[in-house]
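Chemist: Whatever this is, show me its structure:
(one chain, ligands or ions: 1)
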Amino acid sequence: MNTFTESEERQELRKAVAKLAGKYGGDWFAQKARAGEKTTELWLEIGKNGYLGINIPEEYGGGGGGIGDIAAVCEELATAGCPLLLMVVSPAICGTIISKYGTDEQKQRWLPGICDGTSTMAFAITEPDAGTNTHNITTTARKDGDGWVLNGRKIYISGVDEADNVLVVARAEDARTGKVKPVLFVVPTDAAGFEAQPIPMEIVSPELQFSVFLDDVRLPADALVGDEDGGLAQLFTGLNPERIMASAFATGMARHALGKATAYAKERTVFKGPIGSHQAIAHPLAQAHIEIEMARLMTQKAAALYDAGDEFGAGEAANMAKYAAGEAACHAADVAVQTHGGNGITQEYGVAGLLVAARTTRIAPVSREMILNFVAMHSLGLPKSY
Ligand SMILES: Cc1cc2nc3c(=O)[nH]c(=O)nc-3n(C[C@H](O)[C@H](O)[C@H](O)COP(=O)(O)OP(=O)(O)OC[C@H]3O[C@@H](n4cnc5c(N)ncnc54)[C@H](O)[C@@H]3O)c2cc1C
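Modeler: Numbering: from 1, shown residues only. Sure thing, here's the model as predicted:
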């Protein structure tokens with residue numbers, strides 16, 4: 001990154017997405033969530049406008065841009081009150097992995113639908129027993145003639161009900177013990193033996209999380225993405241985009257919370273002036289703003305490094321950005337509730353729900369503790385603690 005301002009093109013992209021998302025907004029998003037409905041019209045509209053697949057190569061229906069572009073889209077949507085978790089998953093994680101490791105035929109099959117929003121792809125790595133320690137996953141892929149058979153269980157998988165396919169991370173049967181060699185499969189959600197059950201969550205979002213059960217799911221050979229001996233490198237391809245997107249998602253949510261709080265602080269008067277004239281209200285808002293801007297800058301740095309091909313440098317920056325963004329989002333949501341007083345707890349003002357949503361950004365897709373482990377070990381050279 002040679003400059004501290006984004007290109008004019010990126011700024012225009014942000015404006016266009018903000019305008020589009022402004023037609024929907026946070027009240028609409030919350031209403032959809034509470035009614036058990038989906039945000040399909042928004043999803044398809046961002047797809048139709050070319051924003052959903054903006055990071056995917058043009059020959060497969062994308063915009064040929066970078067992760068910085070799709071992160072900007074994700075952030076502006078969240079800022080407008082429409083945080084779409086599936087943007088992190090479908091175009092950024094799945095889209096990146098398939099673009100890099102898929103065959104031409106696989107790219108033709110899956111990427112156009114990811115780009116225009118008509119065929120969303122979920123991503124499943126987390127397992128109930130392995131948790132953060134993904135080296136311990138036990139979902140197993142067994143060779144069966146020309147194809148494969150998958151068995152296992154995944155948890156907290158976002159958007160399975162909205163997805164046609166799930167990119168599932170498994171381990172090859174002969175690697176059941178020893179170091180895991182992840183193998184990646186695109187599994188149709190209507191495959192025999194595939195079952196998904198929603199997990200009741202406290203997040204106010206139309207996007208749901210699921211337990212996924214894979215019971216003798218038979219897949220053709222061409223469901224395998226990449227090399228069956230490819231190892232961790234294939235999986236790691238999706239990690240930097242995932243973290244950069246999660247940061248954008250969190251900073252967007254934080255901007256949304258802060259925007260609501262600032263507007264309220266300018267309006268609400270209970271003593272002489274508006275409550276924003278009291279430093280006890282103004283300073284936390286200013287502090288949240290500073291934290292958000294720092295997190296955004298680190299997110300943009302991570303994206304710029306990644307898009308310039310510096311995966312290693314991007315790794316450290318993406319972890320730091322994700323940490324900073326999660327902390328900024330939690331603080332901004334908390335400040336927004338406090339600024340609103342009793343109104344901060346009502347459904348009508350739409351800020352209390354942000355507390356849980358913001359809290360999620362400290363846990364998923366990678367927890368703050370694991371980021372601190374990474375920084376302690378890789379940035380500071382401290383011994384591995386786990
Ligand atoms: C809303 C939501 C959506 C999600 N969507 C997806 C999805 O689409 N696909 C998917 O695959 N997964 C998804 N996840 C799962 C998510 O990635 C995991 O929840 C996350 O990685 C943490 O794993 P865990 O919940 O098993 O926590 P655990 O691994 O049980 O960890 C519990 C706590 O212990 C801490 N901890 C664990 N090990 C260490 C250590 N060595 N040092 C310090 N602290 C440690 C953790 O940081 C955490 O605070 C989602 C989760 C949520 C909440």
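Chemist: Flag every residue of the stretch 1-150 of the chain that's near the ligand.
Modeler: 89, 123-126, 131-132 (C-beta under 6 Å from any ligand atom). No exception for glycine: its C-beta is placed from N, CA and C like everyone else's.
Chemist: Buried members of the residues you listed into PyMOL, please.
Modeler: Command for PyMOL, covering only those of those found buried under the criterion 16 or more other C-beta atoms under 10 Å:
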select buried, resi 89+123+124+125+126
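Chemist: Ramachandran angles for the residue of the chain found nearest the ligand?
Modeler: Closest residue of the chain to the ligand, C-beta to the nearest ligand atom: residue 131 (2.7 Å). When quoted as degrees, to the nearest 10, the phi and psi of residue 131 stand at phi 50, psi -130.
Chemist: Take the residues of the stretch 1-150 of the chain next to the ligand and keep only those in strands.
Modeler: 123-124 (DSSP state E).
Chemist: Looking at the residues of the stretch 1-150 of the chain next to the ligand, spot the one nearest residue 101.
Modeler: Among those, residue 123 lies closest to residue 101 (C-beta to C-beta), at 14.0 Å.
Chemist: before we move on, back to that, would you convert the residues of the stretch 1-150 of the chain next to the ligand into JSON lines that also reports pLDDT and distance to residue 350?
Modeler: Below are these laid out as JSON lines (pLDDT from 0 to 100; distance: C-beta to C-beta, whole Å):
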{"residue": "89", "pLDDT": "97", "distance to residue 350": "24"}
{"residue": "123", "pLDDT": "98", "distance to residue 350": "28"}
{"residue": "124", "pLDDT": "98", "distance to residue 350": "30"}
{"residue": "125", "pLDDT": "97", "distance to residue 350": "32"}
{"residue": "126", "pLDDT": "97", "distance to residue 350": "29"}
{"residue": "131", "pLDDT": "94", "distance to residue 350": "32"}
{"residue": "132", "pLDDT": "94", "distance to residue 350": "31"}
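Chemist: What number of residues are in the vicinity of the closest residue in space to residue 351 that isn't next to it in sequence?
Modeler: What sits nearest to residue 351 in space, not counting adjacent residues and going by C-beta to C-beta, 6 or more residues apart in numbering, is residue 336, at 4.6 Å. Using other C-beta atoms under 10 Å, residue 336 is surrounded by 30 other residues.
Chemist: same check, this time on residue 375
Modeler: Counted with other C-beta under 10 Å, residue 375 comes out at 15.
Chemist: Let me see the contact set for it.
Modeler: 316, 319-320, 323 (C-beta atoms under 8 Å, 6 or more residues apart in numbering).
Chemist: which one of these sits closest to residue 78?
Modeler: When the contacts of residue 375 are compared against residue 78 (criterion: C-beta to C-beta), the nearest one is residue 323, at 17.6 Å.
Chemist: what secondary structure does that closest one sit in?
Modeler: helix (DSSP: H, G, I helix; E, B strand; the rest coil).
Chemist: Please name the nearest non-neighbouring residue to it.
Modeler: Using C-beta to C-beta, 6+ apart, the closest residue to residue 323 is residue 371 (4.5 Å).
Chemist: my read: the one you found touches residue 319, true?
Modeler: Yes. With contact defined as C-beta atoms under 8 Å, residue 371 reaches residue 319; the gap is 4.7 Å.
Chemist: what about the two, which has more around it?
Modeler: Neighbour count, other C-beta under 10 Å: between residue 371 and residue 319, residue 319 has more, with 26 against 20.
Chemist: Which of the helices or strands spans that one?
Modeler: Assigned by DSSP states H and E, residue 319 belongs to helix 311-339.
Chemist: what packs against that helix?
Modeler: helix 239-267, helix 279-307, helix 352-363, helix 368-374 (3 or more C-beta pairs under 8 Å, 6 or more residues apart in numbering; DSSP states H and E).
Chemist: most packed of those helices?
Modeler: helix 239-267 (a mean of 26; mean count of other C-beta atoms under 10 Å).
Chemist: the inter-axis angle of that helix versus helix 279-307?
Modeler: 160 degrees (axes from the mean of the first three to the mean of the last three C-alpha atoms, to 10 degrees).
Chemist: Pull the distance from helix 239-267 to the chain's centre.
Modeler: Its chain's average C-alpha position is 13 Å from that of helix 239-267, according to C-alpha atoms, centre = their mean, to the nearest Å.
Chemist: And stretch 323-340, by the same measure?
Modeler: Distance, centroid of stretch 323-340 to centroid of chain: 18 Å (C-alpha atoms, centre = their mean).
Chemist: same question, stretch 277-297
Modeler: 24 Å.
Chemist: Name the residues that touch that stretch?
Modeler: Counting by C-beta under 8 Å, 6+ apart, 4, 75, 247, 250-251, 254-255, 257-258, 261-262, 265, 275-276, 321, 324-325, 327-328, 331-332, 335, 338-339 sit against stretch 277-297.
Chemist: switch to 6 Å and redo it
Modeler: Stretch 277-297 is contacted from outside by 251, 254, 258, 261-262, 265, 275-276, 324-325, 328, 331-332, 335, 339, using C-beta atoms under 6 Å, 6 or more residues apart in numbering.
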